[in-house]
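Asker: please work out how this folds:
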Amino acid sequence: MTFKNICIFGGSGFVGKHLANLLTNREIYLRIPTRNYERAKELLEIPTTDLIEADIYDDRDLDRLLLGIDAVINLVGVLQGDFHAVHVELPQKIIAACKRNGITRILHMSALKAGPGQPSEYLRSKGEGEQIVRTSGMDATVFRPSVIFGPGDSSINLFARLGRLPVLPLASPHAKFQPIFVMDVVQAFALSLDEPRTFGRSYDLCGPKCYSLRELVEYAAHVTGHDPAIIGLGDALSHLEAAVMEILPGKLMSVDNYYSMKIDSVCDCDSPEALLEVWGIPPTALEEAAPIYLKHQLPRERYNYLRHWSGR
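Answerer: Numbering: from 1, shown residues only. Below is the predicted model:
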């Protein structure tokens with residue numbers, strides 16, 4: 001079956017905007033709900049996209065959103081806040097609405113190492129939501145990426161901003177990540193959409209190389225012309241820094257983030273097999289993409305760069 005009418009939950013977010021740009025090239029009609037129409041208006045520049053203001057936790061709004069839709073993509077996630085509502089209750093509501101409206105196909109974004117027994121509520125709730133989707137009886141495909149980087153990300157761009165500080169106390173400096181480029185992630189989503197071999201499967205998505213948090217911060221700072229003195233903190237001070245940041249404006253880090261980083265977000269540092277074996281996508285190196293998009297900081301420049309990588 002070819003799916004041509006898709007609702008993307010979380011479509012106004014970082015990954016969602018890149019995915020929408022890619023799918024519109026296939027002349028797929030996209031319906032993207034948003035809490036605030038004005039803040040998401042840039043999506044109207046993407047052809048075949050219908051932006052709808054809605055409360056995605058309201059069953060009536062969900063039924064309205066899914067009318068005439070034949071597949072659903074759920075990208076909604078938070079690093080801080082009400083994890084249970086976002087990662088558990090929302091997938092339950094989306095699955096129920098899909099069944100009410102005769103929709104059998106769903107693609108779902110989880111997280112690498114998500115599951116029960118993990119130290120952070122983020123990873124536990126992501127695992128619970130993933131299990132709900134996998135056991136729903138729908139034709140489901142689940143993606144479990146490491147940290148995702150690319151234009152508009154909240155990771156490498158944040159590290160670049162922090163790198164402007166002359167001295168940077170860094171919590172959990174030895175935490176490990178295997179960052180994956182956002183265009184590789186959305187390619188995996190797009191190529192899986194109509195592919196029955198991916199039904200009922202879960203895929204760990206990682207880039208070609210592993211880094212410590214310290215290495216990522218040092219690299220982002222270097223690319224943007226900075227060289228901060230980074231002071232790596234031990235466990236006790238890392239927990240304290242997270243607790244302090246959690247109550248400060250901007251909330252750059254939380255205690256739950258600290259617990260998440262106790263679990264290395266890596267696949268296999270020598271062989272990120274899923275991208276190559278399943279979709280034939282050679283994973284993009286951080287060093288290939290980051291120097292380009294970190295130089296495109298203004299909103300218009302970011303959008304043009306996004307269009308470039310989408311082939312538009």
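
Asker: quick one, strands of the stretch 151-300 of the chain?
Answerer: Using DSSP state E, counting those that start in this stretch, the strands of the stretch 151-300 of the chain run over residues 167-170, 176-177, 180-181, 201-205, 211-212, 229-232.

Asker: out of those, the one nearest Leu294 is which?
Answerer: Using Cβ to Cβ as the criterion, the shortest distance between Leu294 and the strands of the stretch 151-300 of the chain is 13.3 Å, found for strand 180-181. Just so you know, the C-beta spots here come from the backbone N, C-alpha and C atoms, and that holds for glycine as well.

Asker: coming back round to it: who wins for proximity to Val266 among the strands of the stretch 151-300 of the chain?
Answerer: Closest to Val266 of the strands of the stretch 151-300 of the chain is strand 176-177 (Cβ to Cβ; 5.2 Å).

Asker: what residues of stretch 77-89 count as buried?
Answerer: Buried residues in stretch 77-89, defined by neighbour count with 16 or more other Cβ atoms under 10 Å: 77, 79, 83, 86-89.

Asker: with pLDDT as new columns, can those be given to me in CSV?
Answerer: CSV is the format used below for the buried residues of stretch 77-89 (pLDDT from 0 to 100):
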residue, pLDDT
Gly77, 97
Leu79, 95
Phe83, 97
Val86, 98
His87, 98
Val88, 98
Glu89, 98
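
Asker: which two of the residues you listed have the greatest separation?
Answerer: Spanning the widest gap among those are Leu79 and Glu89, at 17.4 Å by Cβ to Cβ.

Asker: hmm, back to that, out of the buried residues of stretch 77-89, the closest to Ser120 would be?
Answerer: Nearest to Ser120 among the buried residues of stretch 77-89, with distances taken as Cβ to Cβ, is Phe83, at 8.8 Å.

Asker: test my guess that that closest one contacts Glu128.
Answerer: No: taking contacts as Cβ atoms under 8 Å, Phe83 lies outside contact range of Glu128: 9.2 Å.

Asker: OK, contacts around Phe3?
Answerer: If a contact means Cβ atoms under 8 Å, 6 or more residues apart in numbering, then Phe3 has 28, 70-71, 105, 193-194 as its contacts.

Asker: if we can go back for a sec, just the strands of the stretch 151-300 of the chain: most buried one?
Answerer: Across the strands of the stretch 151-300 of the chain, averaging neighbours per residue (mean count of other Cβ atoms under 10 Å) puts strand 180-181 on top, at a mean of 28.

Asker: out of the contacts of Phe3, flag the one nearest to Ile6.
Answerer: Ala71 (4.9 Å).

Asker: was I right to think the closest one contacts Asn5?
Answerer: Yes: contact status for Ala71 versus Asn5: in contact at 7.4 Å, counting by Cβ under 8 Å.
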